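S.K.: 3D, please:
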Amino acid sequence: MATKGSNYSSPPSLFSSPLTIEQLIDILHLLKRCGFPQRRWKELGLTIGLHKNTLDAIKMDKYTTDDCLTECLSQWLSKADNVDSKGGATIDSLSDALKSMNENVAADKLDQESKLITDCIY
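M.R.: Numbering: from 1, shown residues only. Okay, the predicted model is just below:
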């Protein structure tokens, strides 16, 4: 008889590389905790490798900034457009994007949280 634990696999760590669509809500919460201004979702999308046409379609289909950021990150996690050429859907590439947008406080908080979690795991 198989034990319950033998068929159970733990969910991927938020700081594992690459990230998956299942981690969308975790990424949204992380950006909120880090103080990322949601109104900059379109610039973030361009910086992480999404095409302008993709972002324009998101803006047309969504009504709130929160919805736009959510769909932007969903496309990123799904590796749409040129995401892989910008480092893929990883915490490191997200941090690099924030830094290139001069969102240094948010990037620093993201890096600190990533390091804290990594130190606890290892």
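S.K.: tell me the average confidence for stretch 30-46?
M.R.: For stretch 30-46, the mean per-residue pLDDT is 96.
S.K.: Just the endpoints, please. Distance across that stretch?
M.R.: Stretch 30-46 has an end-to-end distance of 20 Å (criterion: CA to CA, to the nearest Å).
S.K.: gap between the residue nearest the centre of the chain and D56?
M.R.: For the chain, the residue nearest the mean C-alpha position is I27 (4.7 Å; CA atoms, centre = their mean). I27 is 22 Å from D56, where distance means CB to CB, to the nearest Å. C-beta: built from backbone N, CA, C; applies to glycine.
S.K.: How about L28?
M.R.: For L28, the distance to D56 - CB to CB - is 21 Å.
S.K.: Compare the two (neighbour count), which wins?
M.R.: Using other CB atoms under 10 Å as the criterion, L28 and D56 rank with L28 on top: 17 against 11.
S.K.: Go ahead and confirm the more buried one touches L69.
M.R.: Yes - L28 lies in contact with L69 (CB atoms under 8 Å); the separation is 7.2 Å.
S.K.: returning to what we had before: show the model's pLDDT score for the nearest residue to the residue nearest to the centre of the chain once chain neighbours are set aside.
M.R.: Spatial nearest neighbour of I27, chain neighbours left out: L73 (5.5 Å); criterion: CB to CB, 6 or more residues apart in numbering. pLDDT for L73: 97.
S.K.: what does C120 give?
M.R.: Note on C120: pLDDT of 49.
S.K.: rewinding a little: point me to the helix or strand that includes the residue nearest to the centre of the chain.
M.R.: Here I27 sits within helix 24-34, counting by DSSP states H and E.
S.K.: now for that helix, which elements pack on it?
M.R.: Counting contacts by 3 or more CB pairs under 8 Å, 6 or more residues apart in numbering; DSSP states H and E, helix 24-34 is packed against helix 65-77, helix 104-121.
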